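K.L.:
below is the sequence, then the predicted model.
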Protein chains: 2
Amino acid sequence: MQQLSTLVDDDPRDLAEPTLLEKVRGLVLGGEYLPGSPLSEVFLAQHFEVSRTPIREALKQLQHEGLIEIRPKVGTFVREATRREIVEMFQLKESFEGMAAGLLARRGMVPELDVLQRNINESDAAAEHDDTARYAELVHEFHWTLIRAADNTKLVEHYQRLMNQLAYHRLVLKTVERPGRIHASTDEHRTVLEMIRAKDAFGAESTMRNHVYASAREVLTDTRTTHGQDQVH
Amino acid sequence: MQQLSTLVDDDPRDLAEPTLLEKVRGLVLGGEYLPGSPLSEVFLAQHFEVSRTPIREALKQLQHEGLIEIRPKVGTFVREATRREIVEMFQLKESFEGMAAGLLARRGMVPELDVLQRNINESDAAAEHDDTARYAELVHEFHWTLIRAADNTKLVEHYQRLMNQLAYHRLVLKTVERPGRIHASTDEHRTVLEMIRAKDAFGAESTMRNHVYASAREVLTDTRTTHGQDQVH
DNA sequence: CAGATCACTGATGTATGCAATACTCGCCTC
DNA sequence: GAGGCGAGTATTGCATACATCAGTGATCTG
């Protein structure tokens, strides 16, 4: 009997078991704590009902991700990315996603292409119904599917890291609200996919980079350092 | 009195004070421990004369860098990159350095260009005298100078991370031994610098990527998974 | 003799106590 | 009244003890 039960609930990693790191990251990205807010270890320990040790591990990681700042012997504080850093990160995003598009074009026919196609179709439908929430989700999925389909695990790791730093969700949600950008975005996705299908690695990379650059400009135009206050430091 | 002393030895970060993390990383990259070797926390703690806690922090970081593998409740082991991962990392290196070359070309005249020029001159001299050690050092410097000159701190961070994973020094030293590759390499550096000077961002990126690709092929041709044994896992 | 079970071992995972120190606020001095 | 000084406080940094559990080998059973 026990063998069966272990076989069933053996791998709880797949479905909804957020790591402490993810929980703390979610708290920081949640926006409740403004940049400069102190994040006491003891408070977090009590909040998540664990000891300071695992909290410290998570905070150390978040520091390496650039989300918080640990000032030795002083405290840890939520860190707001400067406008310059956001520009830098979008430059990297452009490079990563361009690289992914190029690699994917070289791979030839893979099932992920169908996933991307379905994504585009659904995006059109969501745009029709002005379902911005669903649309933002689909944009997110499109980019991630592209990255994963490039079949380069190290790229995925670096991309994940970058996206954690960008706190992407908050930004893309803002952008998507703007009418007009939606259709342009889907069209660009469509063009990229066509070039990938045509095995035009160079064109796919180039188009994807232009697409990311355009969306970055959108985000950056109506976002002045995201909260006004510049550096904490 | 105390004020003066604190002013003097306040910032020991600049000159030669290797962090525990760097020390442990050096130990792992030193090659003494073959892939699969266990890295007991208590052993490292005794070796470096600290407690397990800071050792754990360093190991956690090295795990995220991909140098070691922490199997929960089992132990931590040195992890050898598979050939596939090395290929993936070189693809990223190509992307990063290409991006750097392109960004630098857009920056216009900056003092770093002179540093690169001097590097090329010195490389020629080192090649003349068959000083492979110095030559390898200069190659390393050239690439790092390029990355830093791109003026994108996030790029520097990701590049650093990638280089830590690649354990670059061991590989590039092997490559540089090969006669013939030296002159080709310097010539490629020269071409890249010329294109940067000409503000040809596209050409600079393209040339740099080809250069990295060529050197990657060199490294990969005479390196079969670096040690024979494939995955530990 | 083959197979499974179970206690043992060694490792990591966590909790907690103590040490060190940057910042703060009140007090003292000029 | 202004400025510096010093004790207090809150925080992180480190050390250590305990809990937990994967792997292993001996033992027991069929």
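P.N.:
Right, received. Where do you want to start?
K.L.:
which element is the most centrally placed residue in chain A on?
P.N.:
Among the residues of chain A, the one closest to the centroid is residue A:163, at 3.5 Å (CA atoms, centre = their mean). For residue A:163, the element it lies in under DSSP states H and E is helix A:153-166.
K.L.:
tell me if that helix is near chain B.
P.N.:
Yes - using CB under 8 Å from any CB of the partner chain, helix A:153-166 reaches chain B at A:153-155, A:157-158, A:161-162, A:165. C-betas here are computed from N, CA, C, even on glycine.
K.L.:
same question, stretch A:107-125
P.N.:
No - contact between stretch A:107-125 and chain B is absent, the nearest approach being 12.7 Å (criterion: CB under 8 Å from any CB).
K.L.:
buried set for that stretch?
P.N.:
Buried residues in stretch A:107-125, counted by 16 or more other CB atoms under 10 Å in any protein chain shown: A:112-113, A:115-116, A:119-120, A:122-124.
K.L.:
could I get those as JSON lines with distance to residue B:170, secondary structure and pLDDT?
P.N.:
Listed next are the buried residues of stretch A:107-125 as JSON lines, based on distance: CB to CB, whole Å; DSSP: H, G, I helix; E, B strand; the rest coil; pLDDT from 0 to 100:
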{"residue": "A:112", "distance to residue B:170": "35", "secondary structure": "helix", "pLDDT": "97"}
{"residue": "A:113", "distance to residue B:170": "38", "secondary structure": "helix", "pLDDT": "98"}
{"residue": "A:115", "distance to residue B:170": "39", "secondary structure": "helix", "pLDDT": "98"}
{"residue": "A:116", "distance to residue B:170": "39", "secondary structure": "helix", "pLDDT": "98"}
{"residue": "A:119", "distance to residue B:170": "42", "secondary structure": "helix", "pLDDT": "97"}
{"residue": "A:120", "distance to residue B:170": "45", "secondary structure": "helix", "pLDDT": "97"}
{"residue": "A:122", "distance to residue B:170": "48", "secondary structure": "helix", "pLDDT": "96"}
{"residue": "A:123", "distance to residue B:170": "46", "secondary structure": "helix", "pLDDT": "95"}
{"residue": "A:124", "distance to residue B:170": "51", "secondary structure": "helix", "pLDDT": "94"}
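K.L.:
just send those back as JSON lines, with distance to DNA strand C too.
P.N.:
JSON lines is the format used below for the buried residues of stretch A:107-125 (distance: CB to the nearest atom of the strand, whole Å):
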{"residue": "A:112", "distance to DNA strand C": "33"}
{"residue": "A:113", "distance to DNA strand C": "38"}
{"residue": "A:115", "distance to DNA strand C": "34"}
{"residue": "A:116", "distance to DNA strand C": "37"}
{"residue": "A:119", "distance to DNA strand C": "37"}
{"residue": "A:120", "distance to DNA strand C": "42"}
{"residue": "A:122", "distance to DNA strand C": "39"}
{"residue": "A:123", "distance to DNA strand C": "40"}
{"residue": "A:124", "distance to DNA strand C": "45"}
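K.L.:
widest-spaced pair of those?
P.N.:
A:112 and A:124 (19.1 Å; CB to CB).
K.L.:
now do the closest residue to residue A:67 other than its chain neighbours against residue A:62, distance only.
P.N.:
Leaving aside its chain neighbours, residue A:67 sits nearest to residue A:28 (5.3 Å; criterion: CB to CB, 6 or more residues apart in numbering or on different chains). Here residue A:28 is placed at a distance of 7 Å from residue A:62 (CB to CB, to the nearest Å).
K.L.:
list residues touching both of those two?
P.N.:
residue A:68 (CB atoms under 8 Å, 6 or more residues apart in numbering or on different chains).
K.L.:
strands of chain A, start to end?
P.N.:
For chain A, the strands defined by DSSP state E cover A:68-71, A:75-78.
K.L.:
still on that earlier bit, filter the residues of helix A:153-166 next to chain B down to the buried ones.
P.N.:
A:154-155, A:157-158, A:161-162, A:165.
K.L.:
of those, which is the nearest to residue B:170?
P.N.:
Distances from residue B:170 to these, taken by CB to CB, are shortest for residue A:154, at 18.2 Å.
K.L.:
which helix in chain A has the most residues?
P.N.:
When chain A is scanned for its longest helix (criterion: DSSP state H), the result is helix A:83-107.
K.L.:
just want the angle from that helix to helix B:153-166.
P.N.:
50 degrees (axes from the mean of the first three to the mean of the last three CA atoms, to 10 degrees).
K.L.:
circling back to that earlier point, and which of the residues of helix A:153-166 next to chain B is nearest DNA strand C?
P.N.:
Ranked by distance to DNA strand C (CB to the nearest atom of the strand), the residues of helix A:153-166 next to chain B are led by residue A:157 at 19.5 Å.
K.L.:
phi first, then psi, for the closest residue in space to that closest one that isn't next to it in sequence.
P.N.:
Distances taken as CB to CB, 6+ apart place residue B:66 nearest to residue A:157, at 7.8 Å, with adjacent residues excluded. Phi and psi for residue B:66, reported as degrees, to the nearest 10, are phi 90, psi 10.
K.L.:
what is the burial count for residue B:66?
P.N.:
When neighbours are counted by other CB atoms under 10 Å in any protein chain shown, residue B:66 registers 19.
K.L.:
tell me, how many residues neighbour the nearest residue to residue A:57 once chain neighbours are set aside?
P.N.:
Nearest residue to residue A:57, sequence neighbours excluded (CB to CB, 6+ apart): residue B:60, at 6.1 Å. The local packing of residue B:60 (other CB under 10 Å) involves 18 other residues.
K.L.:
now do the one 5 residues further on
P.N.:
In terms of burial, residue B:65 registers 19 neighbours under the definition other CB under 10 Å.
K.L.:
now do the same contact list for it.
P.N.:
By CB under 8 Å, 6+ apart, the neighbours of residue B:65 are B:25, B:161, B:164-165.
K.L.:
now distance to DNA strand C and pLDDT too, for the residues you listed, in a markdown table please.
P.N.:
Listed next are the contacts of residue B:65 as a markdown table, based on distance: CB to the nearest atom of the strand, whole Å; pLDDT from 0 to 100:
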| residue | distance to DNA strand C | pLDDT |
| --- | --- | --- |
| B:25 | 16 | 92 |
| B:161 | 22 | 92 |
| B:164 | 20 | 88 |
| B:165 | 21 | 87 |
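K.L.:
same for chain A: which of these are within range?
P.N.:
Answer for the contacts of residue B:65 near chain A (CB under 8 Å from any CB): B:161, B:165.
K.L.:
report the two of the contacts of residue B:65 separated the most.
P.N.:
B:25 and B:161 (11.8 Å).
K.L.:
what is the neighbour count of the one residue in chain A that gets nearest to DNA strand C?
P.N.:
Of all residues in chain A, the one sitting closest to DNA strand C is residue A:51 (2.6 Å; CB to the nearest atom of the strand). As a burial measure, residue A:51 scores 11 neighbours (other CB under 10 Å).
K.L.:
isn't it up against residue A:44?
P.N.:
No - if you go by CB atoms under 8 Å, residue A:51 and residue A:44 don't touch, sitting 10.5 Å apart.
K.L.:
where does pLDDT dip in chain A?
P.N.:
In the prediction, chain A carries residues with pLDDT under 70 at positions A:1-16, A:169, A:173-180, A:222-233.
K.L.:
ok, 80 please
P.N.:
Within chain A, the ranges that satisfy pLDDT under 80 run A:1-17, A:31, A:167-183, A:222-233.
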